[in-house]
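A.B. asks: Coordinates for the following, if possible.
(chains A and B)
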Amino acid sequence: MTGSTFQFDFKDLKLAVSQVESVMGYKEGESQETISELVSEVLKEAEEICTMKAEYRFFDDIAFDEAEKTVTINGLVFQIKKIIYSQIKKSDSAALFLCTAGEEIGARSKKSMKEGDLLRGYIYDVVGSEAVEAAADLMQDQLEREINALGKGITNRFSPGYCGWLVAEQHKLFQLLTDNFCEIKLSSSALMYPMKSISGIIGIGKNVKRHPYTCSLCDMKDCIYRRSKA
Amino acid sequence: MDDILSKISSCVEFGKIDKASPYPPDMKGQDGADELTRKAIDDGMKPGDILEKALIPAMAIVGDKFSRKEIYVPQMLMAAKSMSSAMKHLKPFFQSGEAKRKGKFIIGTVAGDLHDIGKNLVAMMIEGGGWEVIDLGVDVGTDKFIKAIDENPGAVIGLSALLTTTMENMKKTVTAIREKKSGIKILVGGAPVTKEYCEKIGADYYSPDPQGAVNYLNQIVS
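C.D. replies: Below you'll find the model as predicted:
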């Protein structure tokens, strides 16, 4: 058991206009036609430009430190802090993952913003974020099926930068994902390129559970990616 | 208020950029902030009045609605773009000194951080609040902020960060500005930034939303 890599078609993500609008703050039926048309246009464009890739790798060499709220994977200590620690501490192994929507959607967002088309630039940004999360959902579903077949469960996925886990810890995570199928590069400040990429950890074990959604656990109350339903 | 000022104000509040703009649907085919501002100037209206009686109040309404979650980012972006389409007609008068702004505001996302949507929103709202905005962009190092302060004496500084890692660079920037310059007001913002962090790093003000930053700036010059 080492891991898996994936390439998704954008259509597999089944992103709906209403979903994108919901992230932008609109409740069902609240958005205006012009906004919906623009979202629909960007979603169609995203089908052509997004290159959805994901990967996970399994790590059996893990140990938890209750006092420090850390997990050690292959000798590297991750300061995951109390919220994530409490969610994954019963794991007996872990999957580290990467997922990306590719370079182009982020580039088009920047370009539109620079040219003064702020709304379109913003919609590219939201669609890119939703796409990479949806691809990670598909990857996680596949992981769950694989793990369930072994009589075990998985936790939710957790990323550096959320729930108190510092983004800087991403450097350690990338040290463990050496093949980097997603071809994500990391800046010195731990920013991922392409920008529409995510990374993180998923706990695996007989006594762990995947919850429907966990935004409510996080302490970043003003986070722009916080789900309204949380 | 003059009818045309009232119309310009409505265009900005509801994001009607120009005649060609299909948004908002109920103003389709009508002149937008662009045409109406041009007309107001051509009719001899004072640029300062357009700014103070139409644009600034309209953007304040937009900012307040956003703070109260009555509108969302798309409407705010449309309003800001509408405001910009009016401002382009006023810029020559700012340059000549015929119309005056409240002051200068230098904004940038700190070193190592490439996020710009939040920063852009704040910049647009502050410009709409009657300030001249000098946007240094993203991944802005301390030296660039110091240089901009040298070139724009009396300007207020705004620092944005969206990553917990780059918050450290926010701290470094504040420290460097405090060491090299005195009397500079510094605002900070971004998803992971808090009031407590603002106080800890020695910045002057934290706002969770753009209108809070506008209100703080207005308080400085009042």
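
A.B. asks: what residues does chain A put near chain B?
C.D. replies: A:24-26, A:32-35, A:110, A:113, A:116, A:118-119, A:121-123, A:125, A:161, A:166-168, A:187-191, A:195, A:220, A:222-224 (Cβ under 8 Å from any Cβ of the partner chain). (C-beta placed from N, C-alpha, C; glycine too.)

A.B. asks: can you do 6 Å?
C.D. replies: When proximity is defined as Cβ under 6 Å from any Cβ of the partner chain, chain A approaches chain B at A:24-25, A:34-35, A:118-119, A:122, A:166-168, A:189-190, A:220, A:222-223.

A.B. asks: Among those, which lie within helices?
C.D. replies: A:34-35, A:118-119, A:122 (DSSP state H).

A.B. asks: just these now: which is nearest A:Asp65?
C.D. replies: Distance to A:Asp65 across those (Cβ to Cβ) is lowest for A:Tyr122, with 41.6 Å.

A.B. asks: if we can go back for a sec, I'd like the ones in helices among the residues of chain A next to chain B laid out as CSV, including distance to B:Met167, neighbour count and pLDDT.
C.D. replies: As requested, these are arranged in CSV below (distance: Cβ to Cβ, whole Å; neighbours: other Cβ atoms under 10 Å in any protein chain shown; pLDDT from 0 to 100):
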residue, distance to B:Met167, neighbour count, pLDDT
A:Thr34, 37, 18, 83
A:Ile35, 32, 23, 88
A:Leu118, 25, 23, 86
A:Leu119, 28, 25, 90
A:Tyr122, 23, 23, 93
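
A.B. asks: CA atoms only: put stretch B:22-42 into PDB for me.
C.D. replies: C-alpha atoms of stretch B:22-42 as PDB (Å, rounded to 0.1, in the frame of the first residue of the first chain):
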ATOM      1  CA  PRO B  22     -25.800  44.900 -18.500                       C
ATOM      2  CA  TYR B  23     -25.600  45.100 -14.700                       C
ATOM      3  CA  PRO B  24     -27.800  45.800 -12.800                       C
ATOM      4  CA  PRO B  25     -30.600  44.500 -15.100                       C
ATOM      5  CA  ASP B  26     -33.100  47.100 -14.000                       C
ATOM      6  CA  MET B  27     -30.800  49.900 -15.200                       C
ATOM      7  CA  LYS B  28     -30.000  48.300 -18.600                       C
ATOM      8  CA  GLY B  29     -29.700  50.800 -21.400                       C
ATOM      9  CA  GLN B  30     -29.400  53.800 -19.100                       C
ATOM     10  CA  ASP B  31     -26.300  56.000 -18.700                       C
ATOM     11  CA  GLY B  32     -23.900  54.700 -16.100                       C
ATOM     12  CA  ALA B  33     -21.500  56.400 -13.700                       C
ATOM     13  CA  ASP B  34     -19.000  56.900 -16.600                       C
ATOM     14  CA  GLU B  35     -21.400  59.000 -18.900                       C
ATOM     15  CA  LEU B  36     -23.100  60.800 -16.000                       C
ATOM     16  CA  THR B  37     -19.900  62.000 -14.500                       C
ATOM     17  CA  ARG B  38     -18.600  63.200 -17.800                       C
ATOM     18  CA  LYS B  39     -21.900  65.000 -18.300                       C
ATOM     19  CA  ALA B  40     -21.800  66.600 -14.900                       C
ATOM     20  CA  ILE B  41     -18.300  67.900 -15.500                       C
ATOM     21  CA  ASP B  42     -19.200  69.200 -18.900                       C
END
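
A.B. asks: and it, how far from the chain's centre?
C.D. replies: Counting by Cα atoms, centre = their mean, to the nearest Å, stretch B:22-42 is centred 21 Å from the centre of its parent chain.

A.B. asks: Which positions in stretch B:19-38 come out as buried?
C.D. replies: For stretch B:19-38, a neighbour-count test (16 or more other Cβ atoms under 10 Å in any protein chain shown) marks B:21, B:23-24, B:27, B:30-38 as buried.

A.B. asks: Could you check the pLDDT of the residue most central in space within chain B?
C.D. replies: Nearest to the geometric centre of chain B sits B:Ile126, at 2.1 Å (Cα atoms, centre = their mean). pLDDT recorded at B:Ile126 is 94.

A.B. asks: now the one 3 residues further on
C.D. replies: Residue-level confidence at B:Gly129 comes out at 90, pLDDT.

A.B. asks: now the end-to-end length of stretch B:45-65.
C.D. replies: 28 Å (Cα to Cα, to the nearest Å).

A.B. asks: Any buried residues in it, and which?
C.D. replies: So for stretch B:45-65, counting by 16+ other Cβ under 10 Å, buried means B:45, B:47-48, B:50-63, B:65.

A.B. asks: hey, where'd the strands end up in the chain?
C.D. replies: Assuming you mean chain A. A:3-8, A:52-59, A:62-65, A:70-73, A:76-78, A:93-100, A:153-158, A:185-186, A:192-193, A:197-205 (DSSP state E).

A.B. asks: that's the wrong chain, I meant chain B
C.D. replies: B:104-109, B:132-135, B:156-160, B:186-189, B:205-206.

A.B. asks: Could you pull up the contacting residues of the one residue in chain B that gets nearest to chain A?
C.D. replies: When scored by Cβ to the nearest Cβ, chain B has B:Gly112 as its residue closest to chain A, at 2.9 Å. The neighbours of B:Gly112, taking Cβ atoms under 6 Å, 6 or more residues apart in numbering or on different chains as the test, are A:189, B:166, B:169.

A.B. asks: That concludes my questions; thank you for your assistance.
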